[in-house]
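[1] Sequence plus predicted model, see below.
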Amino acid sequence: MTEPKTDLTYEQAFERLEAIIARLDSGEAELRETLDLCREGKQLIERCKSELDAVSGELRELDLDALVEELQSHETQAVADEPSGPAAD
Amino acid sequence: MTDPLSPGSVQRTSAPPEPDLPGPFAVGRYAGELREFLRARARVRVIGELVNFKQRGANAYFELRDSDGALPCAIWSNELERMGIPEGALKDGVEVVVSGGPDYYAGSGQSSPSFSFRATHLKLAGEGDLLARLAALRRTLAAEGLFEPQRLLPRPVLPKGIGIVTGGGSAAQGDLRAGFARRSWRGTVVWAHPPMQDRRAAGAFTRAVQDLAALPEVELVIVARGGGSLADLWAFCDETLCRTVALLGVPVISAIGHETDNVLLDDVAALSCSTPTHAAEQAVQVDIAQAIARVADAADLLRVRGAGAIKRRAESLRTAARVPATHLRRERAGLDQRLREIRAAAQRGIDEREGHAARMALVLARKSGATRRTQVPAEVRQLTRIATALTRERDAAQRNRARQLLALTTALRAHEPDRVLERGFALAEDNQGEPVTSAKQAREAGDVRLRFADAAVDAKIGETDDRTED
């Protein structure tokens, strides 16, 4: 059975889905291929839904300066938390 | 007098560590000659960004800069006044064109020397000057192939995160939000708001674009600003900014000014849009609401078409299973009939020949009774041999027919349903032994018998998945 690639973009996943439906419509697929196509199609639909869900909730707005400050404070904290080495003789 | 700058005035010394060079000259004399040498250079016009403008005594001092270098400049205050430049216009970042040439203040025993570009004329750069400089920059970057890399980057159709460089609270920011709303897109936006009006904003733009591109959640960057004069938009023609964007690994969409404006950033970006609204639509190429409906439709289609395809396959198998059985029954009946006819015909032939032989024997016996009695047994024996041969012939014909029948039966068996089962299919039957060919029939039957190639097993129909019953 063909497993959908995990790194497919939304567009690639949807194109593959349309190709699967066209193949099922053609009536040329054997029983085993038909079952495999249905299974792959369901996985692609889940992938497309997941991609769309990620951008259809609430708009999240961040400020670059605030992010940079946050990153810098984390770095400072990480340096401060580092255990000091053995004292020089 | 010997010219200290002339190669002819060489005074050699034999001291080993000292280089073999002209001189030594008195420094004041050398500095004076240097000043004259520089003043003799061609007078030119230079364009660049003015910084650190200061007026001190009879002179005004400033620097001209661009991404490749800088030049210290000086102009006499009275000459500057004649230029008629508005008060406060010579602020940091303004583009100016300066006419003049190199000069050198030789200094003295009490004052330090200095080099400067002595300006005799200064003006704010006009549209023509900026366009000429822009054209030169455009040629340079194009020749280096810097218009290509961004356009070759794959642009996400449905980004989850977008970085945006634009003025805080600007009309462009509002247009971008409206564009995203029109697409029903509600992902993550990281805003960067460097000063957009400052002509020295290019450095801040460059840092903002670099920082945004470095964030893992940002899949593409938009740089947007409303319209203005070329001088107002000059920061978006900055060479450093454009080189940075050209080599960035994240696609950048530019939306600077109006449709007629064409800044250098447009040339190096992955895509140039006429308005921020257009940029938002190009950043999110999918209408989310429509896409959700399309995926739902595709899910329905997949369910219906998938179930239809499986049903068609099942019907085709059922037909394939029925046709050979019907054909086999018909052929068997025909062969049985033909066998019966052959046997009857053979029996009739043998009976006729045996009757004929008996009659002949009787006639011969009668004829030979008066004359040669000894010959009669010989005739009778011959007739008996003929009858025996006929019997053998009949038996051979029957065996031959039986072999033909067996061969036909074997050929027909190849089409029997059992052979289909041997290829991995199963036949569902109800308690009457009739094939069950649909989910509906299976539900109605309740209990079914699944015939596999090796054996049959009983099965009970439980909860069914409605999605596959169409």
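    Okay, I see it.
[2] Spell out which parts of chain A neighbour chain B.
    By the rule CB under 8 Å from any CB of the partner chain, the part of chain A lying against chain B is A:9-11, A:14, A:17-18, A:20-21, A:24-25, A:27, A:29-31, A:34-35, A:37-38, A:41-42, A:45, A:48-49, A:51-52, A:54-65, A:67-68. For every residue, glycine as well, the C-beta is placed using N, CA and C.
[3] Helices of chain B, residue ranges please.
    In chain B, the segments counted as helices under DSSP state H are B:27-39, B:77-82, B:127-143, B:149-152, B:171-182, B:202-214, B:239-246, B:264-268, B:276-283, B:288-368, B:376-413, B:417-422, B:439-445.
[4] ok, now chain A?
    A:10-26, A:31-53, A:64-81.
[5] and those as CSV, adding distance to residue B:217?
    Converted to CSV, the helices of chain A look like this (distance: least, CB to CB, whole Å):
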stretch, distance to residue B:217
helix A:10-26, 17
helix A:31-53, 15
helix A:64-81, 10
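[6] Throw the ones you listed into a markdown table and include mean pLDDT and mean neighbour count, thanks.
    Converted to a markdown table, the helices of chain A look like this (pLDDT from 0 to 100; neighbours: other CB atoms under 10 Å in any protein chain shown):
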| stretch | mean pLDDT | mean neighbour count |
| --- | --- | --- |
| helix A:10-26 | 89 | 18 |
| helix A:31-53 | 89 | 18 |
| helix A:64-81 | 83 | 11 |
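[7] Any idea which of these gets closest to residue B:69?
    helix A:64-81 (30.1 Å; CB to CB).
[8] by contact count, what packs against that closest one?
    Judged by 3 or more CB pairs under 8 Å, 6 or more residues apart in numbering or on different chains; DSSP states H and E, the packing partners of helix A:64-81 are strand B:186-192, helix B:202-214.
[9] Export those as JSON lines, with columns for mean pLDDT and distance to residue B:24.
    Putting the helices and strands packed on helix A:64-81 into JSON lines (pLDDT from 0 to 100; distance: least, CB to CB, whole Å) gives the following:
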{"stretch": "strand B:186-192", "mean pLDDT": "95", "distance to residue B:24": "58"}
{"stretch": "helix B:202-214", "mean pLDDT": "92", "distance to residue B:24": "46"}
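[10] Could you dump these into CSV with distance to chain A added?
    Shown next, in CSV, are those (distance: least, CB to the nearest CB, whole Å):
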stretch, distance to chain A
strand B:186-192, 4
helix B:202-214, 6
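[11] Just tell me which of those ends up closest to residue B:166.
    Proximity to residue B:166 (CB to CB) singles out strand B:186-192 among the helices and strands packed on helix A:64-81, at 7.4 Å.
[12] partners of that closest one, with directions?
    Each strand paired with strand B:186-192, and its direction, by DSSP bridges: strand A:56-63 (parallel), strand B:161-165 (parallel).
[13] Tell me the residues of the stretch 251-400 of chain B that contact chain A?
    B:284, B:286, B:288, B:291-292, B:294-295, B:298-299, B:301-302, B:305-306, B:308-310, B:312-313, B:317.
[14] List buried residues within these.
    Buried members of these, counted by 16 or more other CB atoms under 10 Å in any protein chain shown: B:284, B:286, B:288, B:291-292, B:294-295, B:298-299, B:301-302, B:305-306, B:309-310, B:313, B:317.
[15] before we move on, the earlier item: tell me which of the helices of chain B sits most buried.
    Sort the helices of chain B by mean neighbour count, taking mean count of other CB atoms under 10 Å in any protein chain shown, and helix B:264-268 sits at the top with a mean of 24.
[16] Quick one: list the elements packing against it.
    Using 3+ CB pairs under 8 Å, 6+ apart, helix B:264-268 is in contact with helix B:127-143, helix B:239-246, strand B:252-256.
[17] average pLDDT across that helix?
    Averaging pLDDT along helix B:264-268 yields 94.
[18] can you check stretch B:288-305 too?
    90.
[19] can you give me how far it is from the chain middle?
    22 Å (CA atoms, centre = their mean, to the nearest Å).
[20] could I get it in CSV with only the CA atoms?
    Taking Å, rounded to 0.1, in the frame of the first residue of the first chain, the C-alpha atoms of stretch B:288-305 are listed here in CSV:
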residue,chain,number,x,y,z
ILE,B,288,-9.3,29.0,4.0
ALA,B,289,-13.1,28.9,4.2
GLN,B,290,-13.3,27.6,0.6
ALA,B,291,-10.5,25.2,1.2
ILE,B,292,-12.3,23.7,4.2
ALA,B,293,-15.4,23.2,2.1
ARG,B,294,-13.4,21.7,-0.7
VAL,B,295,-11.7,19.2,1.7
ALA,B,296,-15.2,18.3,3.0
ASP,B,297,-16.4,17.7,-0.5
ALA,B,298,-13.4,15.6,-1.3
ALA,B,299,-14.0,13.5,1.8
ASP,B,300,-17.6,12.9,0.6
LEU,B,301,-16.5,12.1,-2.9
LEU,B,302,-13.9,9.7,-1.6
ARG,B,303,-16.4,7.9,0.5
VAL,B,304,-19.0,7.7,-2.3
ARG,B,305,-16.6,6.9,-5.1
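[21] What are the contacting residues of it?
    The contact list for stretch B:288-305, computed with CB atoms under 8 Å, 6 or more residues apart in numbering or on different chains, reads A:10, A:14, A:17-18, A:20-21, A:24-25, A:38, A:41-42, A:45, A:48-49, A:52, A:55-56, B:158, B:183-186, B:467-468, B:470.
[22] give me that answer again for 7 Å
    For stretch B:288-305, the external contacting residues (CB atoms under 7 Å, 6 or more residues apart in numbering or on different chains) are A:17, A:20-21, A:24-25, A:38, A:41, A:45, A:48-49, A:52, A:55-56, B:183-185, B:467, B:470.
[23] Stretch B:220-228 now?
    B:155-156, B:159, B:162-167, B:170-172, B:176, B:196, B:205, B:209, B:212-213, B:250-258, B:261, B:265, B:276, B:279, B:283.
[24] Show me what counts as buried in that stretch.
    Buried, per 16+ other CB under 10 Å, within stretch B:220-228: B:220-226, B:228.
[25] with these in mind, which one is nearest to chain A?
    Proximity of these to chain A (CB to the nearest CB) peaks at residue B:221, which lies at 10.7 Å.
[26] hey, what's residue B:51 bridged with?
    Under DSSP bridges, the residues paired with residue B:51 across the bridge are residue B:63.
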